[in-house]
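1. no letters, just coordinates:
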């Protein structure tokens, strides 16, 4: 923003740069507050600490795995409210906890804590209900869940962040995933070759016919599936084809 203003006015010198940076900082802070207030009003959240309003607005300018943090938090809040209404929980609490569950990612305070525990401490500091800060702190299983709201937030966060296509992944991530799946299949002594395809969405396994017969193939399939579910964690479905 400062660079655009400097180029637009055409006067670039040290004092002018400082002036434009200061002006841009004030403008961004004001924009953050407007976004925060607007998001809270749209979610039906009225009484909240000013620092939390600022954090909600700051989420607009942060991303996690390529996913915009504010959009993700709003989605978690909406999912949590739907799930809560289905089982008779407090919908307002669910929306509030969902929107605030990742505030630890936008904190200016640098602690050697995970974002969920940092977010929990901030929510506690700014007067949020114990159910709210417990659900923030426990949404990655780092502390014990104290209410039904906590698993609702965890489930909503998982749905929002794990649905296929929502997160941007790099080449190294896909290569690692392909190798993990192939190596896991190759650990079975009956497997001759294993090929992970379609960025790890499909696995084709060739087994040695001398070591396994048709009757044992079904049990092998179940064992392989169980091992993959236990040792590899990724969103979406994995199609497995076994060839004898």
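-> Happy to help now that I have it. In this text the structure is predicted, and so the values were computed from the model without any measurement.
2. just the helices in the protein please.
-> 2-9, 14-42, 50-58, 69-87, 91-100, 115-125, 130-137, 149-162, 171-186, 214-231 (DSSP state H).
3. what's the average pLDDT for the second one?
-> Going back to what we said before, that points to helix 14-42. The average pLDDT for helix 14-42 rounds to 93.
4. ok, the first one next?
-> Taken as a whole, helix 2-9 carries a mean pLDDT of 90.
5. how about stretch 148-158?
-> 95.
6. for stretch 108-115, same thing?
-> 77.
7. just stretch 224-231 next, same as before
-> On average, stretch 224-231 scores 85.
8. before we move on, what about stretch 194-205?
-> 84.
9. and that stretch, what's buried?
-> For stretch 194-205, the neighbour count (16 or more other CB atoms under 10 Å) marks 194, 196, 200, 203-205 as buried. In short, each C-beta sits where N, CA and C put it, glycine included.
10. next, count neighbours for residue 59.
-> Burial measure for residue 59: 26 neighbouring residues, criterion other CB atoms under 10 Å.
11. what of residue 13?
-> Neighbour tally, residue 13, other CB under 10 Å: 9.
12. what sits against it?
-> By CB atoms under 8 Å, 6 or more residues apart in numbering, the contact list for residue 13 is empty.
13. cool, the one 4 residues further on as well?
-> Applying CB under 8 Å, 6+ apart, we find residue 17 in contact with 2, 6.
14. quick one: contacts for the residue nearest the centre of the chain?
-> By CA atoms, centre = their mean, the mean C-alpha position of the chain lies nearest to residue 161, the distance being 4.2 Å. Going by CB under 8 Å, 6+ apart, residue 161 touches 64-65, 67, 72, 167.
15. tell me how far residue 86 lies from residue 93.
-> 15 Å (CB to CB, to the nearest Å).
16. now residue 160
-> For residue 160, the distance to residue 93 - CB to CB - is 18 Å.
17. in contact with residue 103, which residues?
-> With contacts defined as CB under 8 Å, 6+ apart, residue 103 is in contact with 52, 55-56, 59, 119, 122-123, 136.
18. which ones among the buried residues of stretch 194-205 are found in strands?
-> 194, 196, 203-205 (DSSP state E).
19. what's the most distant pair in those?
-> 196 and 205 (9.9 Å; CB to CB).
20. ok, back up a step: which of the ones in strands among the buried residues of stretch 194-205 lies closest to residue 10?
-> residue 196 (55.9 Å).
21. which residues does that closest one bridge with?
-> On the basis of DSSP bridges, residue 196 is bridged to residue 203.
22. so what's the residue sitting furthest away from the middle of the chain scoring on pLDDT?
-> Centroid-distance maximum for the chain: residue 210 at 45.5 Å, with CA atoms, centre = their mean. Residue 210 carries a pLDDT value of 87.
23. ok, now residue 122?
-> 93.
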